[in-house]
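Q: need a structure here:
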Amino acid sequence: MTDPVSDFLTRLRNASKAGQAECVSPHSRLKQSLAAILKAEGYITDYRDAADALGHKTLVVKLKYVDGTPALTRVNRVSTPGRRLYYRYTEIPRVLNGLGIAILSTSKGLLKDQDCRRQKVGGELLCNVW
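A: Model (predicted):
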């Protein structure tokens, strides 16, 4: 697998469109931080660590639905392994005029766009969520 973040976002997107209650992905600290931001913003209900049958660590994400429609409408991977996109805090693009969030990888960990502007820190734009 060349891009684990893209794989995680694709698993979330496919599970929410299929109407599944949970999404299972291989565990990493980056994916766990991504899930923590999505939970704080209300796009998912919860996440937890688990172990699969072979003993590998996995991340189980409980998806959120509002009246049968997924709370996670769209997830776009912006920066890819072949094309990294870095932004200063003043240049971070707004997602749907502030209705969505952008998640950046910074020197202070993963942060959403508003926190980056508030703390005056830039970084690599990982994805846009709405």
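
Q: What segments of this structure are strands?
A: 22-26, 44-51, 57-63, 65-66, 69-70, 75-77, 86-87, 101-106, 109-112, 123-129 (DSSP state E).

Q: Give me the pLDDT value at the spatially most central residue of the chain.
A: With distances taken as CA atoms, centre = their mean, the residue of the chain nearest its centroid is residue 34 (4.2 Å). Listed pLDDT for residue 34 reads 98.

Q: Is it in contact with residue 111, as I believe?
A: No - taking contacts as CB atoms under 8 Å, residue 34 lies outside contact range of residue 111: 11.2 Å. Where C-beta positions appear, they are placed from N, C-alpha and C, glycine not excepted.

Q: okay, and the common contacts of those two?
A: residue 103 (CB atoms under 8 Å, 6 or more residues apart in numbering).

Q: Could you list the domains of the chain?
A: Per automatic domain parsing, the domain ranges recorded for the chain read 4-70, 75-129.
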